[in-house]
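Undergrad: structural data only, the sequence is not supplied:
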């Protein structure tokens with residue numbers, strides 16, 4: 001049986017797309033400095049692009065990180081129907097590439113913006129994006145968790161637990177499991193200083 005060429009190519013292209021760390025490139029372009037070296041948490045991500053590169057550097061990084069997740073997934077979704085669980089690999093590949101970049105000795109960022117890009121690539125299937133966005137809003141506004149490190153952990157864990165009940169195609173749930181594993185592993189093994197978590201309900205502010 002011959003291998004399905006798109007099945008082999010799309011996860012590879014998605015991984016390589018994710019491996020391009022735009023925050024690192026754009027901060028160097030805007031400021032001439034190395035983002036990984038100057039940032040407190042050594043994370044080449046969108047938040048640090050805003051913080052160390054300025055507004056436009058952050059905006060460009062956000063757009064690029066969304067697109068590098070969106071484009072491979074969307075192109076695959078628009079193509080012929082393949083083995084269902086191939087979707088899981090294609091979904092997760094850009095996030096895995098961002099977290100474990102082939103161009104940076106398998107070090108990278110957390111992959112939050114890339115995750116949203118990948119989930120947007122599933123449109124018109126909107127539920128996976130809505131689940132992740134809803135938990136981010138919940139833990140940012142209603143039941144505010146600080147610092148952001150713990151808010152992100154709670155968001156991904158709750159989204160992972162909720163996804164099978166909200167999204168019907170099981171392959172999408174498997175894909176989000178791969179995404180969550182990459183993000184959580186990257187966060188839990190990071191060298192950033194981890195402060196004590198704090199939870200503040202909206203009604204107690």
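TA: Great, that's in hand. Predicted, not measured: the structure shown is a model, and the values here were computed from it.
Undergrad: check which helix or strand residue 101 maps to.
TA: Counting by DSSP states H and E, no helix or strand carries residue 101.
Undergrad: check the one 4 residues further on too.
TA: In this structure, residue 105 is located outside every helix and strand according to DSSP H and E.
Undergrad: from residue 21, how far out is residue 37?
TA: Counting by C-beta to C-beta, to the nearest Å, the separation of residue 37 from residue 21 is 13 Å. Yep, even glycine has a C-beta here, placed from its N, CA and C like the rest.
Undergrad: so what's residue 140 scoring on pLDDT?
TA: In this model, residue 140 is scored at 91, pLDDT.
Undergrad: downstream neighbour of the top helix by length along the chain in the secondary structure list?
TA: In the chain, assigned by DSSP state H, the helix with the most residues is helix 55-78. Downstream of helix 55-78, the first helix or strand assigned by DSSP H and E is helix 86-99.
Undergrad: next, the angle helix 55-78 makes with that following helix.
TA: Relative orientation of helix 86-99 versus helix 55-78 (axes from the mean of the first three to the mean of the last three C-alpha atoms, to 10 degrees): 160 degrees.
Undergrad: and residue 139, what does it touch?
TA: Contacts here follow C-beta atoms under 8 Å, 6 or more residues apart in numbering; on that basis residue 139 touches 145, 151, 154, 155.
Undergrad: of those residues, which is the nearest to residue 106?
TA: residue 155 (24.5 Å; C-beta to C-beta).
Undergrad: helix or strand for the closest residue to residue 136 other than its chain neighbours, which one?
TA: Spatial nearest neighbour of residue 136, chain neighbours left out: residue 155 (5.1 Å); criterion: C-beta to C-beta, 6 or more residues apart in numbering. Using DSSP H and E, the element containing residue 155 is helix 148-166.
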